[in-house]
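Asker: I would like the atomic coordinates for the input below:
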Amino acid sequence: MISVPFLAGALFAGAVSLMIASALLFYALVGKVNRFLPENEQLSYLFMYPGKVSRVKREYKRLYPKSKLLLLRLVLNTLSFALLLMCLVQLGFFR
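Answerer: Residues are numbered from 1 along each chain as shown. Below you'll find the predicted structure:
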């Protein structure tokens, strides 16, 4: 049986939770952008790829210049990455 330290598991769970929150926020951003786009130009909720993410960011900044949701998504992504790195350190990947 494989033994995983409790702290590593907690860090991983926290990172995954933040990633899920970031993905849900992205879908909210897509919905807000789609409200202003014509029906034939609306973005699909399925799949996340770099071109789509950059288009959503560009359109969202244009439509909502004072909103802080893009910054919140960046913070969530950064924190999740940091938690994953701390999890890997706990598991001994950098020894």
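Asker: and the longest helix for this structure?
Answerer: helix 6-34 (DSSP state H).
Asker: Please compute how far that one lies from its chain's middle.
Answerer: The chain centroid and the centroid of helix 6-34 are separated by 5 Å, computed with CA atoms, centre = their mean, to the nearest Å.
Asker: Give the other helices and strands that it contacts.
Answerer: In terms of contacts (3 or more CB pairs under 8 Å, 6 or more residues apart in numbering; DSSP states H and E), helix 6-34 is packed against helix 50-63, helix 69-91. From N, CA and C alone the C-beta is placed, and that goes for glycine too.
Asker: contacting residues around residue 57?
Answerer: Residue 57 sits next to residue 70 when contact means CB atoms under 8 Å, 6 or more residues apart in numbering.
Asker: could you measure it against residue 34, distance?
Answerer: 14 Å (CB to CB, to the nearest Å).
Asker: And for residue 94?
Answerer: Look at residue 94 and residue 34: by CB to CB, they are 42 Å apart.
Asker: count of residues packed around residue 70?
Answerer: Here the number of neighbours of residue 70 (other CB atoms under 10 Å) works out to 16.
Asker: thinking it is in contact with residue 60, fair?
Answerer: Yes. Using CB atoms under 8 Å as the test, residue 70 is close enough to residue 60 to be in contact (6.2 Å).
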